[in-house]
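J.: Next comes the sequence, and after it the predicted model I'd like to discuss.
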Amino acid sequence: MEADIFNFKFCLGCLKHGRWICDQCGRHFIPQLPMCYSCRTVSGGYITHVKCINKREYLTSLMVCFEYNRVIKRYVKYIKFKHSTVLLNEILIIALPHILTYIRNTQHFTRNAKECLLVPVPLYWLRYLNRGFNQSRIIAEAISKETGIDINNRCLKKIRNNRPQSEVKHKNRVRNTLGAFRFNSKYISEEVKHIILVDDIVTTGATLEECTKEIKAVREDIQIHAIALFRPKPKVIRKKLLPVTNMHKINP
Ligand SMILES: [Zn+2]
Ligand SMILES: [Zn+2]
């Protein structure tokens, strides 16, 4: 009982005293099946189907750990607004085994780690100063530490302080992120053939595609992959997703 006085932790999902993520709320971390990021149907290795590629800034693959749902939303809000890296690290304990299994089972990441580079999706400098950390960078650093894949924070910069995507309607997200990033190839070696973008939440994929567009404009030879912690479930009405990226084909 005495030790309890010093235990200030409480579950952010249900406010129960004791731990940041209680067992019950931990069940809301629902692992995602490997699927194509574009049409959101099952695809081995999280690889984008050939039939779903119809523009230059496509991702070769997108690995998502968990579904973004109402409980997860509370955790994410807490990280962003209370500037809590403690909770983010707690989430990483749950997510990292999934990410490491994926990387270790993916040939082009294991064959030659020198050809791969982890690039966290950057924050605008003002937002970074305000928050004190970039959550994507913390995730990327954890992956790098376990896999030995280098991390690069300099080649991709956010040059425009656009509105957070979470505050923008889905149909306007491509426009909101347009021209928000700049890629500078002088910070990466010619050897690099695979860039793994790292982000916390993916919804439409507009941010990742904008980063991809910038990188491919300079280094078309590089394949762009992405790893994210969370993504909301696809909408039941698929047609609604169409205007977002223009690459969602309906396949009955
Ligand atoms: Zn709870
Ligand atoms: Zn597909």
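T.: Okay, I see it. Source: prediction; values computed, not measured. Ligands and ions are numbered 1, 2, ... in the order given.

J.: tell me which residues in the helix or strand hosting residue 71 are buried?
T.: Assigned by DSSP states H and E, residue 71 belongs to helix 70-82. Under the neighbour-count criterion of 16 or more other C-beta atoms under 10 Å, helix 70-82 has 71, 72, 73, 74, 75, 76, 78, 79, 80 buried. For every residue, glycine as well, the C-beta is placed using N, CA and C.

J.: from these, which is closest to ligand 2?
T.: Relative to ligand 2, the closest of the buried residues of helix 70-82 is residue 72; by C-beta to the ion it sits at 24.3 Å.

J.: For that closest one, which non-adjacent residue is spatially closest?
T.: Distances taken as C-beta to C-beta, 6 or more residues apart in numbering place residue 230 nearest to residue 72, at 5.7 Å, with adjacent residues excluded.

J.: Relative to ligand 1, how far out is that neighbour?
T.: 17 Å (C-beta to the ion, to the nearest Å).

J.: residues near that residue, how many?
T.: A total of 24 residues lie near residue 230 under the criterion other C-beta atoms under 10 Å.

J.: Next one, pLDDT for it please.
T.: pLDDT for residue 230: 97.

J.: Test my guess that it contacts residue 75.
T.: No - assessed by C-beta atoms under 8 Å, residue 230 is found out of contact with residue 75, at 9.3 Å.

J.: Please give me every residue in contact with residue 208.
T.: Residues near residue 208 by C-beta atoms under 8 Å, 6 or more residues apart in numbering: 59, 62, 121, 197, 199, 202, 224, 226.

J.: Please identify which pair of the residues you listed lies farthest apart.
T.: Greatest spatial distance in those: 202 and 224, 13.4 Å, computed using C-beta to C-beta.

J.: before we move on, which element is residue 213 in?
T.: Taking DSSP H and E as the definition, residue 213 sits inside helix 206-218.

J.: one step back: list of residues touching the helix holding residue 71?
T.: Helix 70-82 is contacted from outside by 12-13, 21, 25, 28-29, 66, 68, 84-85, 87-88, 91, 131, 135, 200-201, 230, using C-beta under 8 Å, 6+ apart.

J.: List only those of the residues you listed flagged as buried.
T.: In the contacts of helix 70-82, burial by neighbour count holds for 12-13, 21, 25, 28-29, 66, 68, 84, 87-88, 91, 135, 200-201, 230, counting by 16+ other C-beta under 10 Å.

J.: Narrow these to those in strands?
T.: Cross-referencing these against strands under DSSP state E gives 66, 200, 201, 230.
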